[in-house]
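Trainee: Sequence plus the predicted model coming up.
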4 protein chains.
Amino acid sequence: MKREKPKYKQIIDAAVIAIADNGYHQAQVSKIAKQAGVADGTIYLYFKNKEDILISVFEEKMAVFIESLNNIIIENTDPTEKLRLMIQNHFEVLSNDTYLSRVTQLELRQSNRDLRLKINAILKVYLDQLDAILKEGVESGAFSKDIDLRLARQVIFGTIDEVTTSWVMKDHKFDLTLQAPKVFQLLLNGIKA
Amino acid sequence: MKREKPKYKQIIDAAVIAIADNGYHQAQVSKIAKQAGVADGTIYLYFKNKEDILISVFEEKMAVFIESLNNIIIENTDPTEKLRLMIQNHFEVLSNDTYLSRVTQLELRQSNRDLRLKINAILKVYLDQLDAILKEGVESGAFSKDIDLRLARQVIFGTIDEVTTSWVMKDHKFDLTLQAPKVFQLLLNGIKA
Amino acid sequence: MKREKPKYKQIIDAAVIAIADNGYHQAQVSKIAKQAGVADGTIYLYFKNKEDILISVFEEKMAVFIESLNNIIIENTDPTEKLRLMIQNHFEVLSNDTYLSRVTQLELRQSNRDLRLKINAILKVYLDQLDAILKEGVESGAFSKDIDLRLARQVIFGTIDEVTTSWVMKDHKFDLTLQAPKVFQLLLNGIKA
Amino acid sequence: MKREKPKYKQIIDAAVIAIADNGYHQAQVSKIAKQAGVADGTIYLYFKNKEDILISVFEEKMAVFIESLNNIIIENTDPTEKLRLMIQNHFEVLSNDTYLSRVTQLELRQSNRDLRLKINAILKVYLDQLDAILKEGVESGAFSKDIDLRLARQVIFGTIDEVTTSWVMKDHKFDLTLQAPKVFQLLLNGIKA
DNA sequence: TATGAATGAGTCTTCATTCAT
DNA sequence: TATGAATGAAGACTCATTCAT
């Protein structure tokens, strides 16, 4: 399995740093290779092309979100608590990796339509987890029966995304994790029964 | 005044179509010129460079949102009603120009850091109008005194943006304006007193 | 006769200034027109194309050298004195017009092969005058019978040109006319009988 | 060291031929690449940009003049003989490479101000060698104590340059090396004690 | 005569990808 | 596996010249 080989991860991590430091379009394959400490050609032994690196970066990093959200879902029973922890976890993961936050919130959005479709497909798993929480909340009576599930998810994800992007655009100058409770409260007001 | 000359508008409109059809990076200056029915060089009589076209597109189109929101603010007294109309107006404008929606939600985000800063500066006027509505609502007692103004604005704008982007990504397959009342209700629940 | 019309001279003078200020390749037709206070299109009522402006500049300005040298030849009888006055006159004319000196010594040499051939044809009249002085000097016994006329002319013109170019490259920092006597003496030593 | 790699010299030589054949402005990078038998992009592995090619051409070729003049200076004791050999050597080198003579005498002068400053800096080494010969000659009593060193150098270099350019403009139709003794004699007359 | 808006041909440079070693 | 020198396609922008007014 290629993704367990050390150079695979080495290149992924190098790509995150190279893109965060130089911006999406200035992160040439040669810069990623240099950052990873390998030759340009070596990249192509692990990735089909440059787009494949970017998709893999997103895949690997989304896996972190998905796994931790999965743990939250498993370890808790209360949907409201799950939602609270999800928001808090999302902010914490990005707070702990400012390189990553810059890449996901700003640089990766500069990709073309094809790449964005693939990114959305990866994102879908995470959004499905959120949908499940919401559905469970409605069924348990924690959230209002009147809400449109898809819309509620868009409100939640759109808010998280906007708050995070705003934090990145302001050069991480405030503590993102401190926003979690307030964001949660605002969102909860909108959907609770 | 160059922006009143017919060719200026002609090129702006051509750029929106060319970018919507081809994507940001595949909308070469020559394609925009062809779409506008002018020579390549003519573009440079009206715009400093390609980036200047994009900024101008955004400026011109945001002016539409800003002006109509201004009318809403002037013609109404109730902050809650202003918010309702703002959301509805935002969705209506984009529904009426699917080319534009594709450009603002997807293609313009592929710009580099510099361009994005300029775009944000233009967007700020619109966000300031939203802030004013929220502030008025808090002061009049319509919205909760406990909400963080900036956060509330991020929830509202993030939601509108996410819903719109989702609609564009689904190729405008559903009627965006029908979402307005539900979006408004969800958001209002979050912030009302 | 077009060259007696005021705008003709106006454009010629504007071209000298525009080229001196901006360099040959940065002296666009539009800059020359602006400097002359006429519209771009007006240039083409007086000149066939850009190259024609440059040739005309050189023609007009060489005419000054040729006319003053002609006066020197007519007003004097001694070939040695004619040579002395020619060198002095050459330096004086350029000293009095630093714009012109920059154009002839530096900028006009950036022209292409065709233009250079035409410039040489104009220059030939001046060099023929110099040849005549040298021939007269040899026949009168003032200059050595052993000198190769063409070579002597190349030594003289090459020296004048090198000294002048050096003066221009050093931003006219020293008084060029003060060099005339020394240059004359050195050159005279080389050719006198 | 890049300038020892075979492709570096290959491109330099190709540039000389391409410029001599097409003229400075018509020697596109793609033509130089084709002449060198490499891809366009390969040029940029060895040179920063087109201007860098031209500077390098001049550097490499001036090195030939400088080295052979250095040998002349070392192997001889008589300043007069050094001057004679310098002139002869200069004409011989250019006679043996008519491509180069066209490039240095005509095409390279079409460069802009910046490039010309860089060319002058390279030329300075050669002129300093000439200055040293002249100084030695004055001190040894071979050349007149009354001459202005800088002026004498300008006479000599200006003459060599004018004679060579004249030969190139006449399409190398006469034997340049045959001019050497006569040029030497004329110049020597001007400066000898 | 005079204008100046419009034209469109022409080129340097970048960088993802390949492949001989 | 790993290298890195070589490839070559692709595009924004300039500016001399024209021509309708």
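Mentor: Sure thing, it's come through.

Trainee: Going by C-alpha atoms from here, please, whenever you check contacts or count neighbours.
Mentor: Fine.

Trainee: pLDDT on stretch A:65-77, on average?
Mentor: Averaging pLDDT along stretch A:65-77 gives 96.

Trainee: Same question for it: list its buried residues.
Mentor: Going by neighbour count (16 or more other CA atoms under 10 Å in any protein chain shown), the buried part of stretch A:65-77 is A:65, A:66, A:68, A:69, A:72, A:73.

Trainee: got a list of what the third one touches?
Mentor: Put plainly, it is residue A:68. Contact analysis of residue A:68 by CA atoms under 8 Å, 6 or more residues apart in numbering or on different chains lists residue A:89.

Trainee: what bits of chain A have low per-residue confidence?
Mentor: A:1-2 (pLDDT under 70).

Trainee: so who does the residue most central in space within it touch?
Mentor: When CA atoms, centre = their mean is applied to chain A, the residue found nearest the centroid is residue A:62 (5.1 Å). Neighbouring residues of residue A:62 by CA under 8 Å, 6+ apart: A:122, A:123, A:126.

Trainee: so where's the longest helix in chain A?
Mentor: helix A:113-140 (DSSP state H).

Trainee: immediately after it, which helix or strand?
Mentor: Following helix A:113-140 in sequence order, the next helix or strand is helix A:149-169 (DSSP states H and E).

Trainee: Tell me which other helices or strands whichever helix or strand comes after that next one touches.
Mentor: Using DSSP H and E, the helix or strand that directly follows helix A:149-169 along the chain is helix A:180-191. Helix A:180-191 sits against helix A:79-95, helix A:149-169, helix B:180-191, with contacts defined as 3 or more CA pairs under 8 Å, 6 or more residues apart in numbering or on different chains; DSSP states H and E.

Trainee: okay if I get those helices as CSV plus mean neighbour count?
Mentor: Shown next, in CSV, are the helices and strands packed on helix A:180-191 (neighbours: other CA atoms under 10 Å in any protein chain shown):
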stretch, mean neighbour count
helix A:79-95, 20
helix A:149-169, 21
helix B:180-191, 21
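
Trainee: got a markdown table for those, with distance to residue D:17 too?
Mentor: Formatted as a markdown table, these follow (distance: least, CA to CA, whole Å):
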| stretch | distance to residue D:17 |
| --- | --- |
| helix A:79-95 | 58 |
| helix A:149-169 | 53 |
| helix B:180-191 | 70 |
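
Trainee: quick one, which of those is nearest to DNA strand F?
Mentor: Closest of those to DNA strand F is helix A:149-169, at 25.2 Å (criterion: CA to the nearest atom of the strand).

Trainee: Does chain B have contacts with the closest one?
Mentor: Yes. Residues of helix A:149-169 contacting chain B under CA under 8 Å from any CA of the partner chain: A:151, A:152, A:154, A:155, A:156, A:157, A:158, A:159, A:160, A:161, A:162, A:163.

Trainee: and what of stretch A:72-82?
Mentor: No. For a cut-off given as CA under 8 Å from any CA, stretch A:72-82 has no contacts with chain B; the smallest distance is 14.9 Å.

Trainee: How about residues contacting stretch A:91-108?
Mentor: A:16-17, A:19-21, A:23-24, A:54, A:58, A:65, A:161, A:164-165, A:168, A:172, A:175-177, A:180.

Trainee: before we move on, the earlier item: taking helix A:113-140 as reference, get the angle to the helix or strand hosting the residue nearest to the centre of chain A.
Mentor: Under the criterion of DSSP H and E, residue A:62 resides in helix A:50-75. Helix A:50-75 and helix A:113-140 are oriented at 10 degrees to each other (axes from the mean of the first three to the mean of the last three CA atoms, to 10 degrees).

Trainee: ok, is helix A:50-75 in contact with DNA strand F or not?
Mentor: No. Judged by CA under 7 Å from any atom of the strand, helix A:50-75 makes no contact with DNA strand F; its nearest approach is 13.7 Å.
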